[in-house]
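Q: sequence? don't have it. structure:
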């Protein structure tokens, strides 16, 4: 979590059209649910969650942009991008009676200063994260979608914390 102190200025969440339109479509890595396919708009999820994760860090919030041409006066540019996503329905964990949704997500986050110099490049990786186990339902994709939101939030909060301390240290 980010301390209560805010940094002056504002940030920019910079994404490309390709990033924004990225939709993961695919099968689980597990045998359970192997015949199913889900579709998750990870690009938009990442962009929206990045907005929330970073906006409270700056006194003037953050703006979303596809390019920097029309934007002046910002402290940093943050480019969050899904680097990897996989999911599974783990039935073995609970002796086959319950299913545990699992996701494994990696986000790359590049940070540029106000002169467009890259000052940090990080890969935030969740490892396999378990959601709440449930008796097999007709809507397993919703469980994966919910878990994906939670894990992307966790990763972007880590990224925000990282950026916060990077900037504080630069200013001191």
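A: Received, thanks. Everything numeric in this text was worked out from a predicted model, so none of it was measured.

Q: Number of residues surrounding residue 62?
A: A count of nearby residues for residue 62, using other C-beta atoms under 10 Å, gives 23. Placement of C-beta: from N, CA and C, glycine included.

Q: Phi first, then psi, for the residue at minimal distance from the centre of the chain.
A: In the chain, the residue lying closest to the centroid (C-alpha atoms, centre = their mean) is residue 152, at 3.3 Å. Backbone geometry at residue 152, expressed as degrees, to the nearest 10, gives phi -60, psi -40.

Q: again with the one 3 residues further on
A: For residue 155, the backbone dihedrals (degrees, to the nearest 10) come out as phi -70, psi -40.

Q: Which residue is the nearest non-sequential neighbour of it?
A: Counting by C-beta to C-beta, 6 or more residues apart in numbering, residue 124 is the residue found nearest to residue 155 once chain neighbours are left out, at 4.2 Å.

Q: Counting by contacts, list what the one helix or strand the one you found maps to packs against.
A: With secondary structure defined by DSSP states H and E, residue 124 is part of strand 118-130. The helices and strands touching strand 118-130, judged by 3 or more C-beta pairs under 8 Å, 6 or more residues apart in numbering; DSSP states H and E, are strand 76-90, strand 100-113, helix 140-171.

Q: can you do 7 Å?
A: strand 100-113, helix 140-171 (3 or more C-beta pairs under 7 Å, 6 or more residues apart in numbering; DSSP states H and E).

Q: so which of the ones you listed is the most packed in?
A: Ranked by mean neighbour count under mean count of other C-beta atoms under 10 Å, those are led by strand 100-113, which reaches a mean of 20.

Q: Parallel or antiparallel, list what pairs with that one.
A: Sheet pairing for strand 100-113, assigned by DSSP bridges, gives strand 76-90 (antiparallel), strand 118-130 (antiparallel).

Q: For the last one, give the mean pLDDT please.
A: This points to strand 118-130. Averaging pLDDT along strand 118-130 gives 96.

Q: about what we covered before: who does the residue nearest to residue 155 form a beta bridge with?
A: Beta-bridge partners, per DSSP bridges, of residue 124: residue 107.

Q: Quick one: the strands paired with strand 100-113 as TSV, columns for mean neighbour count and distance to residue 35 too.
A: Output for those, formatted as TSV (neighbours: other C-beta atoms under 10 Å; distance: least, C-beta to C-beta, whole Å):
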stretch	mean neighbour count	distance to residue 35
strand 76-90	21	11
strand 118-130	14	21
